[in-house]
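In: With the sequence up front, the predicted model follows.
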Amino acid sequence: MCKAAATDAKKETSTHRNLLPEPSALSMITPPFIANNLGLLKPPYTMRKIFLLLFLASIVSFASLYTFHRGFRRTVQFWRGMAPLVLKYKYVRLKAEKIDHCSEEELERRLNVYRENTAPKLVDLIIRMGGIYVKIGQVMSTIGQGLLPQQYVDALKPLQDGLPPRKYDEISRIIEQSTGKSMKELFVDFEEEPIGSASVAQVHRATLRPRTEGGEPIPIVLKVQYPEVAELFDADLSNLEIATYLFAPENMSVAKSLRKRHENELDFTKEAQNLRECTRDMQKYGVEPSLVRIPRVVEDICTPNVLAMEYLEGVSLSDAIAQEQHRMVNALGKKDHGEELKMVLASRMREHFENGGGAGSGGMQMLGDKKMMNVFGPNAATMLRTYASVRDSVEHAAISAAKFGSQLRMGWNHDNLDLIADASGSTKKKKANVNLGRALKTLVHVSGIQLLLSGTYNADPHPGNVLILPDGRLGLLDYGMVGRLSPEDRETVAEIILALSNKDKTATAKLYQDNGYKATFRDDDAPLDDAILHRFASFHLDRIDLSPLTLDNGETVDTMELLRSTRERVVPSFVEEGQRIGGLLMGVNAQAARPISLAKEW
């Protein structure tokens with residue numbers, strides 16, 4: 001009897017076990033399954049068991065964070081792409097200097113090979129990451145001319161014109177969720193192909209439905225923010241701050257300032273406020289709409305994620321610069337030498353900066369020497385003269401068109417003239433006669449008014465955010481990033497610019513010291529030489545000057561060593577604001593082979 005009962009119990013147990021699901025292949029390799037089957041969860045707990053448990057726990061934590069926390073996953077993706085580039089750079093230098101004992105020329109050759117190989121990889125990483133990384137890449141492509149290796153500047157330049165756009169389905173969903181209305185309710189027409197795509201948003205042309213029955217449809221551009229940008233903002237800037245701390249600690253103040261600056265860029269209602277404020281200011285100082293145009297906000301659609309604005313038509317400044325360089329190549333009759341021309345221009349710019357920088361002749365004159373004769377052959381001089389003649393005629397035509405436009409504006413209302421595209425598309429658009437030199441001077445002039453008089457300025461005037469309109473005026477776009485200076489700071493900046501213009505090192509240094517700027521050279525806590533303070537002030541608000549620097553004690557210091565060995569400890573807000581706008585303006589002029597002295601212009 002007992003034996004039979006035991007037999008039945010065994011059968012029941014066996015049947016029950018057969019009914020239990022078999023462990024999946026995935027569950028058999030998870031840390032809890034492994035720990036249980038290795039006996040790690042059972043006492044006694046030896047050091048080996050504790051180590052293995054901690055190891056398995058770290059795997060679980062990493063996998064969970066990577067799966068469910070987008071910020072952590074983005075951090076891993078950033079360093080997975082960045083770390084090999086950094087390690088490769090360290091290896092190339094170490095091998096050349098410590099193992100092979102290479103000459104400076106051989107080291108530079110190896111670094112050039114490294115840069116040519118890694119520049120496209122760096123840009124690919126930036127594009128994959130998107131968001132704030134693209135914004136910083138755009139800035140570096142502008143201010144890096146003559147400072148960064150040319151391979152990186154060239155690789156980063158396409159970022160000025162935007163990124164591959166998102167699909168229409170995703171964009172329409174963002175618009176509908178943000179406005180609470182369907183696309184049909186909002187628009188008579190919506191162009192699915194964007195006219196531009198940037199780091200945080202993309203822009204589409206559209207036509208709004210009339211505000212009233214019988215009213216006219218309203219042509220607009222619509223800026224639509226990508227949904228993940230705000231969520232990943234904090235993780236992106238934390239990664240950049242860590243990278244800066246590890247590889248360029250002297251720039252930590254700049255890295256931290258990016259967080260504050262970019263926070264406002266993610267709310268389009270604040271950008272709308274910036275557009276209105278800067279338009280009023282520029283009208284107050286008489287440059288809007290006579291010299292520049294800032295697009296008007298269309299109040300019908302203005303949310304934190306979607307912003308409607310007036311459409312301005314023109315040629316981007318980045319395209320105008322590229323077109324001039326293309327014309328140079330054509331005028332020289334050597335189309336296959338386009339890249340060589342860029343390298344020669346970059347080399348000449350570097351030589352100019354090493355000789356003190358500042359205002360230069362620029363344009364074709366940067367090329368008019370024996371070096372270019374050797375590169376492009378004996379016909380170069382004739383071609384250069386031909387090109388200069390053609391360019392002069394184009395510039396005269398632009399001036400004539402501008403005068404004619406001014407006469408028309410005397411009798412026309414600006415609001416009627418400035419609405420460039422109408423709903424029917426019947427408005428005739430004149431072909432823009434681009435006078436690049438005049439456009440750059442206008443940009444510098446207006447930026448000076450904003451910085452020194454208004455105190456509110458566009459903090460991101462890279463060439464992709466500036467249009468040259470058909471009548472020669474500038475269209476200033478993208479006011480997501482706006483800098484502000486108090487009246488006291490504006491007065492201080494004006495005094496520094498006057499001291500820089502007069503080349504008064506003592507006055508420049510005193511102004512920096514009296515207003516809280518602190519830095520150390522070679523980790524020495526002693527006060528900085530006046531010469532060092534003057535050079536840094538020049539970098540911030542005047543010119544790119546890479547010439548050797550003579551200190552008060554008579555020592556001559558290479559500028560790159562100066563930059564590497566100086567740590568900015570306290571950076572006042574006026575320096576932080578001034579060096580950004582100054583760096584961008586110096587960079588875009590250098591990119592166009594027209595180096596400038598901001599102190600002289602302002």
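Out: Yep, that arrived.

In: Low-confidence stretches in the stretch 1-150 of the chain?
Out: Residue ranges of the stretch 1-150 of the chain with pLDDT under 70: 1-45, 49, 53, 55-56, 60-72, 142-147.

In: One more pass at 80, please.
Out: Low-confidence segments of the stretch 1-150 of the chain, defined by pLDDT under 80: 1-78, 129-136, 138-150.

In: Would you state the helices of it in chain order?
Out: 2-19, 31-37, 47-68, 70-94, 104-129, 132-143, 150-156 (DSSP state H, counting those that start in this stretch).

In: The fifth one packs against which elements?
Out: Using 3 or more Cβ pairs under 8 Å, 6 or more residues apart in numbering; DSSP states H and E as the contact criterion, the neighbours of helix 104-129 among helices and strands are helix 70-94, helix 132-143, helix 150-156. In short, each C-beta sits where N, CA and C put it, glycine included.

In: Determine the angle, from 0 to 180 degrees, between it and helix 132-143.
Out: With axes from the mean of the first three to the mean of the last three Cα atoms, to 10 degrees applied, the angle from helix 104-129 to helix 132-143 works out at 140 degrees.

In: Quick check: buried residues in helix 104-129?
Out: Neighbour-count burial for helix 104-129, with 16 or more other Cβ atoms under 10 Å as criterion, is recorded at 107, 110-111, 114-115, 118-119, 122-123, 125-126, 129.

In: now swap in stretch 171-184 and tell me
Out: 171-172, 174-175, 178-179.

In: taking these one by one, which sit in helices?
Out: When DSSP state H defines the helices, the subset of these inside them is 171-172, 174-175, 178-179.

In: For the helix or strand where Asn239 lies, list the C-alpha coordinates in PDB.
Out: For Asn239, the element it lies in under DSSP states H and E is helix 229-247. The C-alpha atoms that make up helix 229-247 are tabulated as PDB, following Å, rounded to 0.1, in the frame of the first residue of the first chain:
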ATOM      1  CA  VAL A 229      16.800  66.400 -28.400                       C
ATOM      2  CA  ALA A 230      15.600  67.700 -25.100                       C
ATOM      3  CA  GLU A 231      15.700  64.300 -23.400                       C
ATOM      4  CA  LEU A 232      19.400  63.700 -24.500                       C
ATOM      5  CA  PHE A 233      20.500  67.200 -23.900                       C
ATOM      6  CA  ASP A 234      21.800  66.600 -20.300                       C
ATOM      7  CA  ALA A 235      23.700  63.400 -21.200                       C
ATOM      8  CA  ASP A 236      25.300  65.000 -24.300                       C
ATOM      9  CA  LEU A 237      26.700  68.000 -22.400                       C
ATOM     10  CA  SER A 238      27.900  65.800 -19.500                       C
ATOM     11  CA  ASN A 239      29.800  63.700 -22.000                       C
ATOM     12  CA  LEU A 240      31.400  66.800 -23.500                       C
ATOM     13  CA  GLU A 241      32.300  68.200 -20.100                       C
ATOM     14  CA  ILE A 242      34.000  64.900 -19.200                       C
ATOM     15  CA  ALA A 243      35.900  64.800 -22.500                       C
ATOM     16  CA  THR A 244      37.000  68.400 -22.000                       C
ATOM     17  CA  TYR A 245      38.200  67.700 -18.500                       C
ATOM     18  CA  LEU A 246      40.300  64.700 -19.700                       C
ATOM     19  CA  PHE A 247      41.800  66.200 -22.900                       C
END
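
In: same for it, what does it pack against?
Out: Using 3+ Cβ pairs under 8 Å, 6+ apart, the elements in contact with helix 229-247 are helix 70-94, helix 132-143, helix 252-263.

In: Quick one: mean pLDDT for that helix?
Out: Confidence for helix 229-247, expressed as mean pLDDT, is 72.

In: How about stretch 517-532?
Out: The average pLDDT within stretch 517-532 is 83.

In: Buried residues, it. List them.
Out: Neighbour-count burial for stretch 517-532, with 16+ other Cβ under 10 Å as criterion, is recorded at 517, 519-521, 528-532.

In: ends of that stretch, how far apart?
Out: Between the opening and closing residues of stretch 517-532 there is a gap of 12 Å (Cα to Cα, to the nearest Å).

In: again with stretch 552-569
Out: OK, stretch 552-569 end separation, Cα to Cα: 21 Å.

In: hmm, who's touching it?
Out: 249-250, 253, 517-523, 528-532, 535-536, 545-551 (Cβ atoms under 8 Å, 6 or more residues apart in numbering).

In: who are the neighbours in contact with the residue nearest to Met309 when sequence neighbours are not counted?
Out: Spatial nearest neighbour of Met309, chain neighbours left out: Pro295 (4.3 Å); criterion: Cβ to Cβ, 6 or more residues apart in numbering. Applying Cβ under 8 Å, 6+ apart, we find Pro295 in contact with 221, 275, 309-312, 475, 477.

In: got those as JSON lines, with secondary structure, pLDDT and distance to Ser347 columns?
Out: Converted to JSON lines, the contacts of Pro295 look like this (DSSP: H, G, I helix; E, B strand; the rest coil; pLDDT from 0 to 100; distance: Cβ to Cβ, whole Å):
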{"residue": "Val221", "secondary structure": "strand", "pLDDT": "94", "distance to Ser347": "39"}
{"residue": "Leu275", "secondary structure": "helix", "pLDDT": "95", "distance to Ser347": "40"}
{"residue": "Met309", "secondary structure": "strand", "pLDDT": "95", "distance to Ser347": "41"}
{"residue": "Glu310", "secondary structure": "coil", "pLDDT": "93", "distance to Ser347": "42"}
{"residue": "Tyr311", "secondary structure": "coil", "pLDDT": "91", "distance to Ser347": "40"}
{"residue": "Leu312", "secondary structure": "coil", "pLDDT": "92", "distance to Ser347": "36"}
{"residue": "Gly475", "secondary structure": "strand", "pLDDT": "95", "distance to Ser347": "33"}
{"residue": "Leu477", "secondary structure": "coil", "pLDDT": "91", "distance to Ser347": "32"}
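
In: Many thanks, we can stop here.
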